[in-house]
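Peer 1: Could you look at this predicted model? Sequence included:
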Amino acid sequence: MKQASSCVISNTEITPGVYLMWLESPEIASAANPGQFVMVRCSDGYDPLLRRPLSVHRAGRVAGSRRAANALALLFRIKGPGTRWLGRRRAGEMVDLVGPLGRGFALGRDVHNLLLVAGGMGIAPLVALAEDAVALDRSVTIIAGAASDVDLYPGRLLPPEVELVTVTEDGSSGRQGLVTDILPEYLGWSDEVFACGPAEMYGSIVGLQKRLGSRKPVQVCFEEHMGCGLGACLGCVVETRRGPKRACKDGPVFYLTDLVL
Amino acid sequence: MTDLSTDLAPSNPKSLRLRNPVMTASGTFGYGIEFAKLLDVQRLGAIICKGTTLRPRRGNPQPRLVETTAGLLNAIGLQNIGVKALIREKAPIWATWEVPVIVNVAGETLEEYVAVAGSLEGVAGVSGIELNISCPNVARGGAAFGSDCKTAAEVTAAVRAVTTLPLVVKLTPNVVNIGEIAAAVCEAGADAVSLINTLVGLRIDIRARRPLLGNITGGLSGPAVKPVALRLVYEVARAVDKPVVGVGGICTAADALEFIMAGASAVQVGTANFVNPRASLDVLDGIVEFMEREGVRHIGELIGVAQVPQEERIV
């Protein structure tokens, strides 16, 4: 875990309002695991005050660049003043990061078929997991959902070995509906499910498992507002069957069966 | 060579002599252990741990945090591991540290405060008590004790009776007579007072048409509260002859120096730890730099220098 002022390599709007930022941050990138996150300072001063927790989106070499084998990619949607500030950063500017933080995804030895379920911006931590899994010769299918065609994460940014299934709420691309609508079709194939998205999506997965009588292990990456990201402020506590747990320190990845939704 | 040392309990035989006046505020620095990987916590004047009750507490429902302009509203609700686990798991680590750790003690009843404080007597690794009679986010106890001279003095005296540890009483700003309350707790046996705890605030989700926090109200901290905290420290420093610890929105050395010049013998860095985990050490380094630049040899030369004598005030 480090606090590092990191140089922006590139910052690109890849879909409307969503930015992919590469940063030169060798110490954080080399230590980062999929599902972990960094706390990003999103202001030059004290307003907005708090850092924003952003998932490790990718870690490694930037495609087509000779710079920084240990670069770090973040994916974020402009939601307020903090992410707006971050969206305005240009190559060469510095951004202050603390990380990597939290407990990421656990990839078991016997998990060969990974089903990744991304609701909207939930794709952010799953791309890092997909890259790691593919490098270990595992099979990866990602079900990625978005409101509309233009909001879908570009498939060209994924490793070619990954099977991408897209779902849009308005049916403008891929299947129409929500990721959880087509999840049952892939559940049987998978050894384990890794999901990231809104809390309602996790509720739907619990319902599905119950309805299908499935006990497939599901790891979910929890998104909570965080104060410190270090386990100190207790602002991001989530209810689990083993009591209240800190999303930043005990998570952000939890087994779905442990969560009280 | 600059001398930064400051004593927060000169009237207590045990004393609470700090190497420097920069501490970290309760609830913003965990048990110190969480931050130890990011900065050399041993360089701090002292660490104040999370508010600790007799039994573990679950705290308030989510959401517990919401930002405001240059500020933070929190309603954690004193979630903590309880004093037994603190003595078993945290104190042994602190006992190996150079930096003193002060335990922030909270409770719902007078008896609970007394039980927690009493159980810390003689525990290695615990250098003092900060009595939290100012938490605004709990239904019982907390600020209910600190909002009235009589109850504040009663709980202070009761805790004083069971502990020989240096005792700092943390005051709430959500009162009209903070000077009188400060004087009352000093009279009842406090070695020092610290202020301010958070200011009670509210934010509303205009789409849901409901308060944003699970607890409805929360405590405001961060740079937004600094001028209010500074005014109260100035006022309390005039009202008591015991050391005053300044807390509230301190982010930089300049902020800390304002509190010291207002009359604080030491300061606590709180919410700034979230923004910049190194904030406390940056504050410390900046104070040293200022003293060297200004030719100040001892921090004591700065404490209260901005106090304007009563007769000079324009009526």
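Peer 2: In hand now; what should we look at?
Peer 1: All the strands of the stretch 51-200 of chain A, residue numbers only.
Peer 2: Shown for the stretch 51-200 of chain A, the strands assigned by DSSP state E, counting those that start in this stretch span residues A:52-55, A:58-60, A:71-77, A:94-101, A:113-119, A:139-146, A:163-168, A:175-176, A:192-196.
Peer 1: Could you dump the ones you listed into TSV with distance to chain B, mean pLDDT and mean neighbour count added?
Peer 2: The way it works is simple: take the backbone N, C-alpha and C, and place the C-beta from them, glycine included. Formatted as TSV, the strands of the stretch 51-200 of chain A follow (distance: least, CB to the nearest CB, whole Å; pLDDT from 0 to 100; neighbours: other CB atoms under 10 Å in any protein chain shown):
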stretch	distance to chain B	mean pLDDT	mean neighbour count
strand A:52-55	10	97	25
strand A:58-60	19	90	22
strand A:71-77	17	96	23
strand A:94-101	6	97	22
strand A:113-119	19	97	25
strand A:139-146	22	96	24
strand A:163-168	24	95	19
strand A:175-176	27	92	14
strand A:192-196	19	97	25
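Peer 1: where does the stretch 151-261 of chain A come near chain B, residue by residue?
Peer 2: A:224-238, A:243-244, A:249 (CB under 8 Å from any CB of the partner chain).
Peer 1: Quick one: buried ones out of those?
Peer 2: For those, a burial check counting by 16 or more other CB atoms under 10 Å in any protein chain shown picks out A:224-238, A:244, A:249.
Peer 1: So which of those sit within strands?
Peer 2: A:237, A:238, A:244 (DSSP state E).
Peer 1: Tell me where the model's unsure across the chain.
Peer 2: Reading this off chain A. Counting by pLDDT under 70, chain A has low-confidence residues at A:61-69.
Peer 1: my bad, chain B
Peer 2: In the predicted model, chain B carries pLDDT under 70 at residues B:311, B:313-315.
Peer 1: report the longest helix in it, please.
Peer 2: helix B:279-294 (DSSP state H).
Peer 1: leaving aside the residues next to it on the chain, what's closest to residue A:108?
Peer 2: Excluding its sequence neighbours, the residue lying closest to residue A:108 (CB to CB, 6 or more residues apart in numbering or on different chains) is residue A:192, at 7.0 Å.
Peer 1: how many other residues sit next to the closest residue to chain A within the stretch 1-150 of chain B?
Peer 2: Scanning the stretch 1-150 of chain B for proximity to chain A using CB to the nearest CB identifies residue B:30 as nearest, at 3.3 Å. Neighbour count of residue B:30, defined by other CB atoms under 10 Å in any protein chain shown: 23.
Peer 1: what about the nearest residue to it once chain neighbours are set aside, distance to residue B:24?
Peer 2: Once flanking residues are discounted, residue B:30 sits nearest to residue A:232: 3.3 Å by CB to CB, 6+ apart. The gap separating residue A:232 from residue B:24 is 9 Å, by CB to CB, to the nearest Å.
Peer 1: what sits in contact with each of the two?
Peer 2: Common contacts of residue A:232 and residue B:24, defined by CB atoms under 8 Å, 6 or more residues apart in numbering or on different chains, comprise B:35, B:273.
Peer 1: Surely the residue nearest to residue A:108 touches residue A:117?
Peer 2: No: with contact defined as CB atoms under 8 Å, residue A:192 does not reach residue A:117; the gap is 11.2 Å.
Peer 1: quick one: the closest residue to residue A:198 other than its chain neighbours from residue B:196, how far?
Peer 2: Using CB to CB, 6+ apart and skipping residues adjacent in sequence, the residue nearest residue A:198 is residue A:119, 5.7 Å away. Distance, residue A:119 to residue B:196, by CB to CB: 42 Å.
Peer 1: Identify the bridge partners of residue A:23.
Peer 2: According to DSSP bridges, the residues that bridge with residue A:23 are residue A:8, residue A:72.
Peer 1: Residue B:155 - that's part of a helix, no?
Peer 2: Yes: applying DSSP: H, G, I helix; E, B strand; the rest coil, one finds residue B:155 inside a helix.
Peer 1: Which residue ranges of the stretch 1-150 of chain A form helices?
Peer 2: Using DSSP state H, counting those that start in this stretch, the helices of the stretch 1-150 of chain A run over residues A:26-31, A:81-87, A:123-135.
Peer 1: contacts for stretch A:123-137?
Peer 2: So stretch A:123-137 is contacted by A:32-35, A:37, A:54-60, A:74-76, A:104-105, A:107, A:114, A:116-118, A:140, A:142, A:144, A:153, A:157-159, A:161-162, A:194, A:196, A:221 (CB under 8 Å, 6+ apart).
Peer 1: what do you get if the cut-off is 6 Å, keeping everything else the same?
Peer 2: By CB atoms under 6 Å, 6 or more residues apart in numbering or on different chains, the list of residues contacting stretch A:123-137 from outside reads A:34-35, A:55-58, A:75, A:105, A:114, A:116, A:118, A:140, A:144, A:153, A:159, A:161-162, A:194, A:196, A:221.
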